[in-house]
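In: The sequence and its predicted three-dimensional model are supplied below.
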Amino acid sequence: MAKTAGTKLRVLLVYEILREKSSPERPLTVPEIQEELMRRGVECERKSVYSDIGALCDFGYEIEQKRGRDGGYFLRGRDFELGELKLLVDAVQSSKFITPERSRELIAKLVALAGERDAGSLSRQVFITNRVKTANESVLGSVDAIHTAIAENRQIEFDYTDWTVNFGPGETFVRRRRGERRRVSPAALAWDDENYYLVSYDSARGERRNFRVDKMENIVITDEPRDRRWDYGAFDPGAYSREMFGMFHGDRRQVKLRFERRFAGVAVDRLGRDVHVSPDGDSHFLLTCEVEVSPQFFAWLIGLEGGAELLEPKDAREALKRLVAAAEEMYR
């Protein structure tokens, strides 16, 4: 049996109905809003609905009235537009560091932010099955712990794990801890190749170290402050991710590259526009920038199938030649 609700509760219910069920293409009439209120066990008069809509508008919600035969009221000012929610859903789906179950939970929360009409469109785009996903259920908790440690200027300890092949009974691939517990000073979280990485300073080694967050387990925030030998405030995550290749550490060097002009877009996507470029004939250009010289950097150059050449420094060029020679010998 329907009951008469207090004004405060009824206003909230009217907002909820407009948020969930209205859209510019499908506005709700006052009788339809009354009907939805009845489904929620609340009975009211038409003038009360008009009053509630007026109160919501006075509070700042963008409720518009569409006039005409198919007219009614709809909520325009949503927290997220449909396109923004689709973008977030796609990001959650493609993120390797989020488990399939947690992905479904997050997407369900995103779908709930859409109106009833748009929720169906989002739900039809969910494709989690058979995607390569992490098995570490504590990733989001690890991310939160790392952010807390950075904000509180403290070091962290953790176990670093990896997959190994088990040819005995049970699962083929199993997790195992790699060495002793690690202790580092966290600097920032970086995103690369659909994975989260911790950029940190390792006091024991006296160098910067990167760790994949989904391989970090049993994180503990210590009472020890971060190592002062590294300037965390001067660290630029954007510039760092441009210089790194696959988040593998190497020697930071200035390199000179020769590209075919058709690879201009590839160079910009990977190295950015803040580099020195000069023409080299009609079909090539020269590019000078700083990168972390590593086997992954060499692999990126090789993957361009002759469209890019490492000219300098000479020792890096020789290292690349040895890598190519070793690969040729393997497949001879």
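Out: Received the coordinates, thanks.
In: quick one: low-confidence ranges for the stretch 1-150 of the chain?
Out: 1-7, 77-82, 87, 94, 96-97, 115-137 (pLDDT under 70).
In: make it 50
Out: The stretch 1-150 of the chain contains residues with pLDDT under 50 at 1-2, 124, 126, 128-130.
In: just the helices in it please.
Out: Remark: helices assigned in the stretch 1-150 of the chain by DSSP state H, counting those that start in this stretch are 7-21, 30-39, 46-59, 82-94, 100-112, 116-123, 139-151.
In: which parts of the last one are buried?
Out: Translated: helix 139-151. Buried residues in helix 139-151, counted by 16 or more other C-beta atoms under 10 Å: 139-140, 142-143, 145-146, 149-150. (C-beta placed from N, C-alpha, C; glycine too.)
In: Equivalent analysis for the first one, please.
Out: For helix 7-21, the buried set under the neighbour-count rule, 16+ other C-beta under 10 Å, comprises 10-11, 13-15, 17-19, 21.
In: quick check: angle from that helix to helix 30-39?
Out: Angle of helix 7-21 versus helix 30-39, following axes from the mean of the first three to the mean of the last three C-alpha atoms, to 10 degrees, is 110 degrees.
In: same deal with the fourth one?
Out: Between the direction of helix 82-94 and that of helix 30-39, the angle (the same axes, to 10 degrees) works out to 40 degrees.
In: how many other residues sit next to the nearest residue to I302 once chain neighbours are set aside?
Out: The spatially closest residue to I302, leaving aside those adjacent along the chain, is V324, at 7.0 Å (C-beta to C-beta, 6 or more residues apart in numbering). Residues within reach of V324, counting by other C-beta atoms under 10 Å, total 13.
In: Remind me which helix or strand V324 belongs to.
Out: Assessed by DSSP states H and E, V324 sits inside helix 314-330.
In: hey, what's V184 bridged with?
Out: I156 (DSSP bridges).
In: Let the chain start at 269 from now.
Out: Understood, numbering begins at 269; the last thing we discussed is V452.
In: measure it to A417 for me?
Out: Taking C-beta to C-beta, to the nearest Å as the measure, V452 falls 10 Å from A417.
In: Tell me the residues that contact both of the two, please.
Out: Common neighbours of V452 and A417, using C-beta atoms under 8 Å, 6 or more residues apart in numbering, are 423-424.
In: Walking through the stretch 469-600 of the chain, point out its helices one by one.
Out: 505-511, 532-539, 563-570, 582-598.
In: Point out the most buried one among those.
Out: The highest average neighbour count among those, using mean count of other C-beta atoms under 10 Å, belongs to helix 563-570 at a mean of 17.
In: pLDDT on that one, on average?
Out: Mean pLDDT, helix 563-570: 89.
In: Next: stretch 525-542.
Out: Rounded mean pLDDT across stretch 525-542 is 84.
In: Quick one: end-to-end distance for that stretch.
Out: 15 Å (C-alpha to C-alpha, to the nearest Å).
In: which outside residues touch it?
Out: 510, 543, 548, 551-557, 559, 568-569, 572, 575-579.
In: In PyMOL, how would I select just the buried ones from these?
Out: Filtering the contacts of stretch 525-542 down to the buried ones (16+ other C-beta under 10 Å) takes a single PyMOL command:
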select buried, resi 510+552+553+554+555+557+559+568+569+572+575+576+577+578
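In: Lovely, talk soon.
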